[in-house]
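# Sequence isn't available, so here's the structure alone:
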């Protein structure tokens, strides 16, 4: 999958992570989108290197989506823990 595919996947994974973890985010929509893209890359990297399940080159593979959404959720939770009170 190309870099554009990973970015699109990350955007969608970020939106799904935001849906699964509702609430106010310190970075708003743009911050959540960037976290989704970064989470897709990190989730794919962790899946390939540590879980011994390489991410396929297909956009519609379930494992690829699970890795991207999982990475986005982890980054979104970490972001909320670190910067959660910045909008109060």
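Alright, I've got the coordinates. No experiment lies behind these values; they were computed from the predicted model shown.

# For the helix or strand bottoming out on mean pLDDT in the chain, which helices and strands make contact with it?
Counting by mean pLDDT, DSSP states H and E, the chain has its least confident helix or strand at helix 28-49, which shows a mean of 79. The contact analysis (3 or more Cβ pairs under 8 Å, 6 or more residues apart in numbering; DSSP states H and E) places helix 28-49 against helix 3-20, helix 62-83. C-betas here are computed from N, CA, C, even on glycine.

# chain center to the first one, what's the gap?
Put simply, helix 3-20 sits 6 Å off its chain's centre (Cα atoms, centre = their mean, to the nearest Å).

# cool, and the longest one?
Going by Cα atoms, centre = their mean, the spacing between the C-alpha centre of helix 62-83 and its chain's C-alpha centre is 4 Å.

# avg pLDDT for that helix?
On average, the pLDDT along helix 62-83 is 83.

# quick thing: my sequence starts at 733, can you match it?
Shifting the count to begin at 733 puts that one at helix 794-815.

# Give me the helices and strands touching it, please.
helix 735-752, helix 760-781.

# Sweet, I'm off.
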